[in-house]
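1. sharing a model prediction with you, sequence too.
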Amino acid sequence: MLFLFKPDAARRLSIAPDLEEDLPGGCVEAGESWQEALVREVREETGLEIEVGEPFDAWTLRAPGRRILGVDFVCRWRSGDVRLSHEHESFAWLTLEEVEAKGWEAEPVYRKAFELVEA
């Protein structure tokens with residue numbers, strides 16, 4: 001999972017902000033590091049170039065027939081304008097207050113990401 005921040009404001013990128021929490025990301029391909037996969041997935045899904053920071057959280061999720069391991073990174077926007085892929089319909093850059101107002105289940109993780117950026 002990616003927590004992407006722009007330098008001009010403490011705002012996080014959210015794909016489909018009015019529907020549900022959804023962040024750019026995806027699977028690691030053979031021969032890729034977690035960081036390389038994240039850079040590729042963000043470029044494919046949003047058109048943005050990013051700098052990947054250190055991982056700050058990990059989690060697992062069970063899905064039918066598989067188990068998913070997720071790693072959360074705080075990343076910084078480097079260049080580009082958002083151009084969503086066919087996988088997404090809308091996006092927004094959100095402040096912490098806007099994230100909290102959404103009432104999303106993963107809000108504590110989002111708060112931690114904002115704190116890391118502000119430190």
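-> Cool, got the structure.
2. drop to CA atoms for contacts and neighbour counts, all remaining ones
-> Noted.
3. the strands in the chain, which residues?
-> Per DSSP state E, the chain carries strands over the ranges 2-6, 9-15, 49-63, 66-79, 91-94.
4. can I get the shortest one in CSV, CA atoms only?
-> Extracted as CSV, the C-alpha positions of strand 91-94 are listed here (Å, rounded to 0.1, in the frame of the first residue of the first chain):
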residue,chain,number,x,y,z
PHE,A,91,-8.9,10.8,-7.3
ALA,A,92,-8.3,13.4,-4.7
TRP,A,93,-5.4,14.7,-2.6
LEU,A,94,-6.6,14.6,1.0
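5. list the buried ones in that strand?
-> 91, 93-94 (16 or more other CA atoms under 10 Å).
6. same question for stretch 93-111.
-> 93-96, 99-100, 107, 110.
7. just the closest of these to E118, please.
-> L96 (11.2 Å; CA to CA).
8. so the closest one versus A58, what's the distance?
-> Relative to A58, L96 is positioned 21 Å away (CA to CA, to the nearest Å).
9. do G80 as well
-> Applying CA to CA to G80 and A58 gives a distance of 28 Å.
10. report the two of the buried residues of stretch 93-111 separated the most.
-> Those two in the buried residues of stretch 93-111 that are separated most widely, counting by CA to CA, are W93 and E107, at 15.4 Å.
11. near L38, how many other residues are there?
-> 24 (other CA atoms under 10 Å).
12. and the pLDDT for it?
-> L38 is assigned a pLDDT of 92 by the prediction.
13. one more: G31?
-> G31 is given a pLDDT of 97.
14. swap in E20?
-> So E20 comes in at 59 (pLDDT).
15. next one: V99
-> 81.
16. so how far is A106 from it?
-> 10 Å.
17. again, but for V71
-> Relative to A106, and taking CA to CA, V71 is found at 13 Å.
18. what of E32?
-> 27 Å.
19. which stretches of this protein have low pLDDT?
-> For the chain, applying pLDDT under 70 flags the ranges 1-22.
20. cutoff 90 now
-> 1-27, 45-46, 54, 59, 61-64, 66-77, 82-119 (pLDDT under 90).
21. now do the contacts for the closest residue to F73 other than its chain neighbours.
-> Leaving aside its chain neighbours, F73 sits nearest to P55 (4.4 Å; criterion: CA to CA, 6 or more residues apart in numbering). Applying CA atoms under 8 Å, 6 or more residues apart in numbering to P55 gives the contacts 71-74.
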